[in-house]
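[1] Below are the sequence and a predicted model; questions follow.
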Amino acid sequence: MVFYFKARPEAGDYTIFMGLDKYENEELIKYGFPEDIWFHVDKMSSAHVYLRLQKGQTIDDISEGLLEDCAQLVKANSIQGNKVNNIDVVYTPWSNLKKTPSMDVGQVGFHNSKMVRTLSVEKRINEIVNRLNRTKVERTPDLKGINIPAVPFYALT
């Protein structure tokens, strides 16, 4: 099961998605796209949240508002991170995720730590989390065959 969310309207038509659990996250790690940016609460258990950029865009093209949506979503979907203030969210291109056979299910490392960015999140902003949750759509895509669809959000509803 993959959960899809619609970013704030002024950010543009972006797909934000996350897996149901660590097993689904494992599949998302394995079958990502080069346009995917991965988000996670630093040093705590949390959901793996992905932002699908448009072709030709890079991590530098992500607006502050879009970063805030992803950071709030990952914080809200962390049991530990949701309970405390002043957490860090790390994010990096999907291609920088490193998975070795010795790692636990859902666990990742990085090929290049210099490609990992950190965003400080002071507190949960319920207005953002509630707005995102109102757009939540659940799907079970064939990750091996078609991966996450890079289609406008309205086509998923």
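    Here it is on my side, so go on.

[2] which residues touch Gly106?
    Asp21, Lys22, Tyr23, Asn25, Glu26, Ile29, His48 (Cβ atoms under 8 Å, 6 or more residues apart in numbering). (C-beta placed from N, C-alpha, C; glycine too.)

[3] Check the secondary structure at it for me.
    Here Gly106 is coil, with the state taken from DSSP: H, G, I helix; E, B strand; the rest coil.

[4] Likewise for Tyr50?
    strand.

[5] Would you mind measuring from the residue nearest the centre of the chain to Ser102?
    Ranked by distance to the mean C-alpha position of the chain (Cα atoms, centre = their mean), the top residue is Val49 at 1.8 Å. Distance, Val49 to Ser102, using Cβ to Cβ, to the nearest Å: 25 Å.

[6] cool, and Gln54?
    From Gln54 to Ser102 the distance is 35 Å (Cβ to Cβ).

[7] So these two - more neighbours on which side?
    Set Gln54 next to Ser102 and count neighbours by other Cβ atoms under 10 Å: Gln54 wins out with 12 against 6.
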